[in-house]
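**Student:** This is a predicted model, with the sequence first.
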Protein chains: 2
Amino acid sequence: MANLDKYRVNPKKFSLKDFDTKDKTERSGSKEENEAELYQLASEINAYQDILHAEGKHKVLLILQGMDTSGKDGTVRHVFRETDPLGIRVASFKAPSSEELAHDYLWRVHQQVPGAGELVIFNRSHYEDVLIVKVHQWIDEAECERRYKQINDFERLLTETGTTIIKCYLHISKQEQKKRLQERLDNPTKTWKFNPGDLKERELWPDYIDAYEQALRATSTEHAPWYVVPADSKTNRNLLISKLLLNTLKKLDLNYPPVPDAFKSIVIND
Amino acid sequence: MANLDKYRVNPKKFSLKDFDTKDKTERSGSKEENEAELYQLASEINAYQDILHAEGKHKVLLILQGMDTSGKDGTVRHVFRETDPLGIRVASFKAPSSEELAHDYLWRVHQQVPGAGELVIFNRSHYEDVLIVKVHQWIDEAECERRYKQINDFERLLTETGTTIIKCYLHISKQEQKKRLQERLDNPTKTWKFNPGDLKERELWPDYIDAYEQALRATSTEHAPWYVVPADSKTNRNLLISKLLLNTLKKLDLNYPPVPDAFKSIVIND
């Protein structure tokens, strides 16, 4: 198994500046070799997902966070391209509805966590509730600190009841975002993804970096660690997240359920 | 577009006997050619799904029904193998929970119907409520007749509010089911799917055929027609369902949303 500890957020000494968005360490071969490795990893993820589902014991939650255009959708598309559509569930968290706002911010999130045998991907998550709301000062520092603790407690509940959590921060540069936003504007089949409001958030880039840095430091725990995924290269991003997920699945020691002895004598009539 | 009307259930003259489970009409080429066609169709479905989602106007619902081992799961895996996992949602209806049983049988179903821009697959559906419950005589004829009408009314509501419904009955023979059940028993990575209770249902085969025949006749409407999919051949099944779905998507006249004029003057700052 690849050693990926260097991407893990160590809360005792963590600064996003120490992580290069352009890092391509995981993209080690030619284009064809990288593509072949990605396919191989995707096939392995599919194989492990089948056992996860068959065994019906463990629960796996992959949380994806990152700036606009950092590649959350693309990760889902590529990392899970060989996975049976019946085997995964993607929960995308957008601006909360009025019913959701009438409850605490973890209420809608709790409803979407994986059940036994499930692999669930959070495309954005409860972390928006310590990011966007902090940057816009809709909550104050004290409330934000309370939430970090609430989130750690919530995630501990999940892990203590059988869930394995992997949290990935997709780390892109402001220049790379500019390029990707421009691509959306230039391609008529992508323009529908462009939201002029995203440009206002872009102006708050340093505030978002601060908010991410603080959130990752406060919530990278033993039970639910954060990983910083250099994501200016899409291939590097896909390879690294595939490996992180696969390492996690391998550590679970998944097994198909044993075949009951009684099944051996079964005869199926015409 | 392929003319697939011959698979459509005409309620005025319909008997399942007129449909051959072994029919392989759609599997017209060599193994390699069929595989290439399936890949081509899956790629086209993915392309149309992207526009469906971008436009955010139409709703598409694919309902899969059929005996145990008829290939509902396999259909999802193969027909949607090129579709972005973010682009589809699969709702699997199992034995109802006590909360679900406390409500009418369409309650849990209504919660899972597609929203604007969504493509949803029902793996089993509200049709179980006129099949298994009828075969076991948990409801009487009068109640079953009422339900056919309720289902037609419910599906009319959905179509009148923007949903396109395609209903597929996966038609296999009793011999083919025997073969597939035996395969589950013989393959330790498949045995977990084997449920001894399925053998009891298998003994009721003629009753199930009757119940399906009656249900398909009563609920194949102009707004939500049924198609009988010969499914002893998995390749024939996958090809036919892919074509039925693609025909449907093509008829919707899907378009990427127009690019607002204001977008043309946008400059993205560093």
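**Tutor:** Yep, it's here.
**Student:** Just the buried positions in stretch A:95-115, please.
**Tutor:** A:100, A:105, A:108, A:109, A:113, A:114 (16 or more other Cβ atoms under 10 Å in any protein chain shown). (Each C-beta comes from the backbone N, C-alpha and C, glycine too.)
**Student:** Could you do stretch A:208-218 as well?
**Tutor:** Result for stretch A:208-218 [16+ other Cβ under 10 Å]: buried residues A:208, A:209, A:211, A:212, A:213, A:214, A:215, A:216, A:217, A:218.
**Student:** In contact with the closest residue to residue A:42 other than its chain neighbours, which residues?
**Tutor:** Leaving out its chain neighbours, the residue that sits closest to residue A:42 by Cβ to Cβ, 6 or more residues apart in numbering or on different chains is residue A:82, at 3.9 Å. Each residue near residue A:82 by Cβ atoms under 8 Å, 6 or more residues apart in numbering or on different chains is listed here: A:39, A:42, A:43, A:45, A:46.
**Student:** 10 Å instead, please
**Tutor:** By Cβ atoms under 10 Å, 6 or more residues apart in numbering or on different chains, the contact list for residue A:82 reads A:38, A:39, A:40, A:41, A:42, A:43, A:44, A:45, A:46, A:47, A:49, B:81.
**Student:** And residue A:89, by the same measure?
**Tutor:** A:112, A:114, A:115, A:118, A:119, A:120, A:121, B:85, B:89, B:90.
**Student:** What does the pLDDT read for the third one?
**Tutor:** Among the per-residue scores, residue A:115 shows a pLDDT of 97.
**Student:** where's it relative to residue A:75, distance?
**Tutor:** 22 Å (Cβ to Cβ, to the nearest Å).
**Student:** Wasn't the residue nearest to residue A:42 part of a strand?
**Tutor:** No: assigned with DSSP: H, G, I helix; E, B strand; the rest coil, residue A:82 falls outside any strand and is coil.
**Student:** So what's the predicted local confidence for it?
**Tutor:** On the pLDDT scale, residue A:82 gets 94.
**Student:** and residue A:78, what helix or strand is that in?
**Tutor:** helix A:72-79 (DSSP states H and E).
**Student:** hmm, back to that, just the buried members of the contacts of residue A:82?
**Tutor:** A:38, A:41, A:42, A:44, A:45, A:46, A:47, A:49, B:81.
**Student:** my read: the fifth one touches residue A:254, true?
**Tutor:** No: using Cβ atoms under 10 Å, residue A:45 makes no contact with residue A:254, being 12.0 Å away.
**Student:** Mind listing the shared neighbours of the two?
**Tutor:** What both residue A:45 and residue A:254 touch, as defined by Cβ under 10 Å, 6+ apart, is the set residue A:52.
**Student:** and the closest residue to residue A:150 other than its chain neighbours, what is it in contact with?
**Tutor:** Take residue A:150 and drop its neighbours on the chain: the residue closest to it by Cβ to Cβ, 6+ apart is residue A:106, 7.0 Å away. Contacts here follow Cβ under 10 Å, 6+ apart; on that basis residue A:106 touches A:126, A:129, A:147, A:150, A:151, A:153, A:154.
**Student:** now do residue A:58
**Tutor:** Contact analysis of residue A:58 by Cβ under 10 Å, 6+ apart lists A:51-52, A:114, A:116-119, A:162-164, A:248-249, A:252-254.
**Student:** Could you restrict these to the ones contacting chain B?
**Tutor:** residue A:51 (Cβ under 10 Å from any Cβ of the partner chain).
**Student:** The stretch 1-150 of chain A: helices as residue ranges?
**Tutor:** A:31-55, A:72-79, A:98-101, A:107-110, A:132-135, A:141-160 (DSSP state H, counting those that start in this stretch).
**Student:** Looking at these, which is nearest to residue A:259?
**Tutor:** helix A:31-55 (11.5 Å; Cβ to Cβ).
**Student:** quick one: residue A:247 and residue A:166 touch, right?
**Tutor:** Yes: the criterion here is Cβ under 10 Å, and residue A:247 meets it with residue A:166 at 9.0 Å.
**Student:** about what we covered before: from the helices of the stretch 1-150 of chain A, which stretch is densest packed?
**Tutor:** Burial of these is given as mean neighbour count (mean count of other Cβ atoms under 10 Å in any protein chain shown); helix A:72-79 ranks first at a mean of 22.
**Student:** packing partners for it?
**Tutor:** The contact analysis (3 or more Cβ pairs under 10 Å, 6 or more residues apart in numbering or on different chains; DSSP states H and E) places helix A:72-79 against helix A:31-55, strand A:59-66, strand A:88-92, strand A:119-123, strand A:163-171, helix A:234-251.
**Student:** Could I get the buried residue list for the last one?
**Tutor:** The neighbour-count check on helix A:234-251 (16+ other Cβ under 10 Å) flags A:235-246, A:248-249 as buried.
**Student:** Can you tell me which of the contacts of residue A:82 comes closest to residue A:204?
**Tutor:** Checking these against residue A:204 with Cβ to Cβ, the nearest one is residue A:38 at 33.4 Å.
**Student:** List the contacts of that closest one.
**Tutor:** If you count contacts by Cβ under 10 Å, 6+ apart, then residue A:38 has A:27, A:78, A:79, A:81, A:82, A:235, A:238, A:239, A:242 around it.
**Student:** now residue A:239
**Tutor:** A:2, A:24-29, A:34, A:37-38, A:41, A:78-79, A:229, A:233.
**Student:** what does residue A:134 give?
**Tutor:** A:128, A:140-141, A:143-144, A:147, A:207-208, A:210-212, A:214-215.
**Student:** Could you tell me which ranges of chain A sit under the pLDDT cut-off?
**Tutor:** Residues of chain A meeting the criterion pLDDT under 70: A:1.
**Student:** show me what contacts the residue lying closest to residue A:49 once chain neighbours are set aside?
**Tutor:** Nearest non-adjacent residue to residue A:49, counting by Cβ to Cβ, 6+ apart: residue A:87, 4.4 Å away. Residues in contact with residue A:87 (Cβ under 10 Å, 6+ apart) are A:45-46, A:48-50, A:52-53, A:80, A:117-119, B:73, B:76-77, B:85, B:90.
**Student:** go again using 7 Å as the cut-off
**Tutor:** By Cβ atoms under 7 Å, 6 or more residues apart in numbering or on different chains, the contact list for residue A:87 reads A:49, A:50, A:53, A:119.
**Student:** what do you get for residue A:244?
**Tutor:** Counting by Cβ under 7 Å, 6+ apart, residue A:244 has contacts A:4, A:166, A:168, A:227.
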